[in-house]
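**Q** dropping a prediction and its sequence here:
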Amino acid sequence: MTQAAPIQTATARKQVSGSQALLEAFLTEGVDTIFGYPGGAIMPIYDALYDYGDKINHILVRHEQGGIHAAQGYARSSGRPGVVFATSGPGATNLVTGLADALIDSTPVVCITGQVFAHLLGTDAFQETDVINITTPVTKWNCQVTDASEIPAAIAKAFYIAKSGRPGPVLVDITKNAQLQMFDFEGYTPCEHIRSYRPKPIVRQEYIEEAAAMINAAERPFVLFGQGVILGNAEAEFKTFIEKSGIPAAWTILGLGALPTGHPLNVGMLGMHGNYAPNVLTNQCDVLIAVGMRFDDRVTGRLDRYAKQAKIIHLDIDPAEIDKNIKADVPVWGDCKETLPLLTELVQQKSHPEWLQRFHDGDKQEYEQVIHNELNPTDPVLTMGEVIKILNELTGGDAIIVTDVGQHQMVANRYAKMNHTRSNITSGGLGTMGFALPAAIGAKMGAPERTVVAIAGDGGIQMTIQELGTIQQFGMNVKILILNNQFLGMVRQWQQLFHERRYSFVNITSPDFPKVAEAYGIPGQKVSEREHLRTALQTMLEHDGSYLLEVMTGKENNVFPMVPQGCGVAEIRLS
Amino acid sequence: MKQEYTLTAYTENQVGLLNRIAIIMSRRKINIESLNTSPSEVEGIHRFTIVIQETEEMVRKLARQIEKQVDVLRAFYNTGDEIVWQEMALYKVPTDEIAEKVKVERLLREHGARAVVIRKDYTVFETTGHREETNNLIKVLEPYGLIEFVRSARVAIIKDSRGFHEQLAKFSSEE
Ligand SMILES: Cc1ncc(C[n+]2csc(CCOP(=O)(O)OP(=O)(O)O)c2C)c(N)n1
């Protein structure tokens, strides 16, 4: 008796499980890496994944928070959405910090969470949690799927929403029955349009013309740029605009790297611990041109003392950002990839030597009072700044720097040299301690050809230190630089400056970090003397594989300049 | 200056969208005074009507935040004089109390109310109008032993609007 062979063509409809359909969708979306952690409610998906080992790389992280931060790092270094798997209940709730981080920093991440069987929804079943409602405020979009046939369309929407317009995290919660259910899979079609969703506002030529006229009439124009330039892949368009108009440009920490730090018109960092000149001159320019940045309070300081004298031109893809914090005189809605060239065409070729000189004058003052001592200390105790300086010399400014949150973050952002875009990966909006190590893992996966250095404090590294296990298991090459001041430094700095030195629970002890690394099979060392610093950094960078370097730095060093909370940008303190 | 605004959002009919819209308000500690969801003039498109007390600047930002949601097509805001609005209220009173008093019938007529249900034990009246009108009838019925009162959310028509059909066509062509 002969048996009919099962129909197995790639194009024809075939019966597949919801889980297989999900992975097929991933292949079409070009997903090559998933960061995840299995559990009961996502087991059918993991079972399907078993057969996709040659096509999709799954990285087993040590905690779901590590998974989503890794996905964020991957997205930030590669420009492609990061993908995360987590199980229901605690697996899903462990994603929340990363979702909030990705939302506020506009990072495209697609999270898939397993969920209990649909018939158990609302019964307080084992590991049932209301993931959709928990994650609604921290996702750009989310949805629950209870039937396998809905999976392809939901995944298509998820990727489209995550990466289009202003990117952000999305979450698809799939009940276990839908993962198991067999259905007629008619192939996967990526989504290119959603009726109710306009990723990019229409560019209005009249505003472009108004903005150009304002720029052409300006005597002291000043550009502020943010991550919008990077997210729009508009670095070249931005550079052309700056160079033609001759306008000095300063960056938010998420914009760092969009224009090389060494560019003659790059006048430095904005905000609370930014450079002196760009902060002070914000209140002296006559036209302020904000490109893909959102006037965060850490950038503006006190709003009623912010650029009151200036006309504001705001370029942003997200209409909700225009007039949110700072009222724009000319709103230039749209993707800066499109708006910048239109603007460049209409602006006059110019230079502003006297105005630019004022930035240099401010730099000189900051150099003398802050930077010189930070980078060339005479005291035997190491400063964070000198570590970054030597790191710059050794990497040439070509590395990806992933920072955690605190003093070391501000110092690294202030002093790191960056020649390339997508080189600064940091938790800017949410300020998530524990971000650096897992994000560096993802950043390396997203840009394997680049050197990736994670810089963390002794506090933050301990929040996600378990990810050393991920590094060990997957043989990754991530450089881990811990700047250990034996304090929760940034909080201590505030207690010193604003709470009369009442050091309340900022004293933190640490394990022997190189030994911890060693236990994970990662070599490392600790240095506290200047004479060993350069060689140690060199050893770290030259080692073929991951390496942990702990550098002991001044316990009570502070980061300056500083715009104290509640003050205007012009009230920036140099000491 | 805070004043009453009516927000109107045209949306897809999606599970979870109500929460997304509600948390835009609650996150800013804004109390929703009234919220209604219903079909709109366009088949398959839903309409939210939300009443809040806020400054114009805040309401403008809220409208943009609402519009930013993937499943929202457009959001508008209007002051009271830019809309025609109504709320419906139901009142339950003991039948024997009102049956005895002929005055009640006249009062109800004056307030544009009508009986929806008349049973031996109770009668349910309905009236539709502005907040003051439905409130006034409470005062009128209280002496007759008002048992239950409930008022619906506001529904509002925007005077200046030419409807969403045109907007939808524009929306689709803007892609
Ligand atoms: C998850 C989380 N908890 C608390 C904070 C508050 N916080 C901001 S900076 C900081 C201190 C960080 O200390 P450390 O990691 O040692 O870095 P340092 O400032 O010393 O460079 C703290 C506690 C935070 N940003 N994130």
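**A** Structure's in. What do you need?
**Q** who's sitting farthest from the centroid in chain B?
**A** Using CA atoms, centre = their mean, the residue of chain B lying farthest from its centre is B:Glu100. It sits 34.2 Å away.
**Q** state the distance from that one to the ligand.
**A** Taking CB to the nearest ligand atom, to the nearest Å as the measure, B:Glu100 falls 70 Å from the ligand. The C-beta positions use only the backbone N, C-alpha and C, and glycine is treated the same way.
**Q** got the phi/psi numbers for that residue?
**A** phi -70, psi -30 (degrees, to the nearest 10).
**Q** got a list of what it touches?
**A** B:Glu100 makes contact with no residue under the criterion CB atoms under 8 Å, 6 or more residues apart in numbering or on different chains.
**Q** now with 10 Å, please.
**A** For B:Glu100, the contact set (CB atoms under 10 Å, 6 or more residues apart in numbering or on different chains) comprises B:Tyr144.
**Q** centre of the chain to the strand or helix carrying A:Glu386, how far?
**A** A:Glu386 is part of helix A:384-395 when elements are defined by DSSP states H and E. For helix A:384-395, the distance between its averaged C-alpha position and the chain's averaged C-alpha position is 22 Å (CA atoms, centre = their mean, to the nearest Å).
**Q** stretch A:446-454 now?
**A** With CA atoms, centre = their mean as the basis, stretch A:446-454 stands 14 Å off its chain's centre.
**Q** what comes up buried for that stretch?
**A** Along stretch A:446-454, these residues count as buried under the neighbour rule (16 or more other CB atoms under 10 Å in any protein chain shown): A:446-447, A:450-454.
**Q** widest-spaced pair of those?
**A** A:Gly446 and A:Val453 (14.8 Å; CB to CB).
**Q** neighbouring contacts of the lowest-mean-pLDDT helix or strand in chain B?
**A** When the helices and strands of chain B are scored by mean pLDDT, DSSP states H and E, helix B:102-110 comes last with a mean of 79. Helix B:102-110 is contacted by residues B:91, B:93, B:97-99, B:101, B:113-115, B:123, B:125, B:127, B:136-137, B:140-141, B:143-144 when judged by CB under 10 Å, 6+ apart.
**Q** rerun that using 6 Å as the cut-off
**A** B:98, B:140 (CB atoms under 6 Å, 6 or more residues apart in numbering or on different chains).
**Q** next structured bit after that helix?
**A** Sequence-wise, the next helix or strand beyond helix B:102-110 is strand B:114-118, with elements assigned using DSSP H and E.
**Q** give me the angle between that next one and helix B:102-110.
**A** Using axes from the mean of the first three to the mean of the last three CA atoms, to 10 degrees, one finds that strand B:114-118 and helix B:102-110 are set 130 degrees apart in direction.
**Q** strand partners of strand B:114-118, parallel vs antiparallel please.
**A** Based on DSSP bridges, the pairing partners of strand B:114-118 within the sheet are strand B:122-129 (antiparallel).
**Q** in chain B, which spans are strands?
**A** If you assign secondary structure with DSSP state E, the strands in chain B sit at B:3-11, B:34-39, B:46-54, B:72-79, B:83-94, B:114-118, B:122-129, B:148-151, B:155-158.
**Q** to A:Gln525, which of these lies closest?
**A** Between A:Gln525 and the strands of chain B, the tightest spacing by CB to CB is seen for strand B:72-79, at 54.8 Å.
**Q** gap between the closest one and the chain center?
**A** Shown here is strand B:72-79, whose average C-alpha point lies 15 Å from the average C-alpha point of the whole chain (CA atoms, centre = their mean).
**Q** and what of stretch A:33-44?
**A** Between the mean C-alpha location of stretch A:33-44 and the chain-wide mean there is a distance of 24 Å, by CA atoms, centre = their mean.
**Q** can you check stretch A:556-565 too?
**A** Chain-centre distance of stretch A:556-565: 23 Å, with CA atoms, centre = their mean.
**Q** how about that stretch: buried residues?
**A** By neighbour count, with 16+ other CB under 10 Å as the criterion, the buried positions of stretch A:556-565 are A:557-563.
**Q** and A:Ile317, how many neighbours does it have?
**A** For A:Ile317, the neighbour count with other CB atoms under 10 Å in any protein chain shown is 24.
**Q** and the pLDDT at it?
**A** With respect to pLDDT, A:Ile317 has a value of 98.
**Q** who are the contact partners of it?
**A** The neighbourhood of A:Ile317, defined by CB under 6 Å, 6+ apart, consists of A:166, A:200, A:335.
**Q** for the residue in chain A positioned nearest to chain B, phi and psi?
**A** When CB to the nearest CB is the measure, chain A has its nearest residue to chain B at A:Ala320, with 4.1 Å between them. Note on A:Ala320: its backbone torsions stand at phi -70, psi -20 [degrees, to the nearest 10].
**Q** roughly how far apart are the spatially closest residue to A:Lys140 that is not a sequence neighbour and A:Asp361?
**A** Counting by CB to CB, 6 or more residues apart in numbering or on different chains, A:Gly168 is the residue found nearest to A:Lys140 once chain neighbours are left out, at 3.2 Å. Per CB to CB, to the nearest Å, A:Gly168 is found 40 Å from A:Asp361.
**Q** for B:Glu126, same thing?
**A** On the measure of CB to CB, B:Glu126 and A:Asp361 end up 75 Å apart.
**Q** helix, strand or coil: sort out A:Ile132 for me.
**A** For A:Ile132, the secondary-structure state derived from DSSP: H, G, I helix; E, B strand; the rest coil is helix.
**Q** in chain B, which residue sits nearest chain A?
**A** Counting by CB to the nearest CB, chain B gets nearest to chain A through B:Arg64 (4.1 Å).
**Q** tell me the pLDDT of that residue.
**A** We note a pLDDT of 97 for B:Arg64 in this prediction.
**Q** next one: A:Gln357
**A** Among the per-residue scores, A:Gln357 holds a pLDDT of 98.
**Q** picking that back up, of the buried residues of stretch A:446-454, which is the nearest to B:Ser172?
**A** A:Gly446 (35.4 Å).
**Q** show me what A:Val223 is bridged to.
**A** Residues in a beta bridge with A:Val223, per DSSP bridges, are A:Ala249, A:Ile289.
**Q** quick one: buried residues of the lengthiest helix in chain B?
**A** Of all the elements of type helix in chain B, the one with the most residues (DSSP state H) is helix B:56-68. Neighbour counts using 16+ other CB under 10 Å place B:58-59, B:61-68 of helix B:56-68 among the buried residues.
**Q** would you turn those into a markdown table with distance to the ligand?
**A** What follows is those, written out as a markdown table (distance: CB to the nearest ligand atom, whole Å):
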| residue | distance to the ligand |
| --- | --- |
| B:Met58 | 29 |
| B:Val59 | 33 |
| B:Lys61 | 27 |
| B:Leu62 | 29 |
| B:Ala63 | 32 |
| B:Arg64 | 29 |
| B:Gln65 | 25 |
| B:Ile66 | 30 |
| B:Glu67 | 31 |
| B:Lys68 | 26 |
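**Q** and which of the residues you listed is nearest to B:Asp81?
**A** Distances from B:Asp81 to these, taken as CB to CB, are shortest for B:Val59 (15.0 Å).
**Q** where does the prediction get shaky in chain B?
**A** Judged against pLDDT under 70, the low-scoring parts of chain B cover residues B:102, B:173-175.
**Q** what's near enough to touch the residue nearest to the spatial centre of it?
**A** Nearest residue to the geometric centre of chain B (CA atoms, centre = their mean): B:Arg154, 1.0 Å. If you count contacts by CB under 6 Å, 6+ apart, B:Arg154 has them with B:34, B:49, B:51, B:85, B:87.
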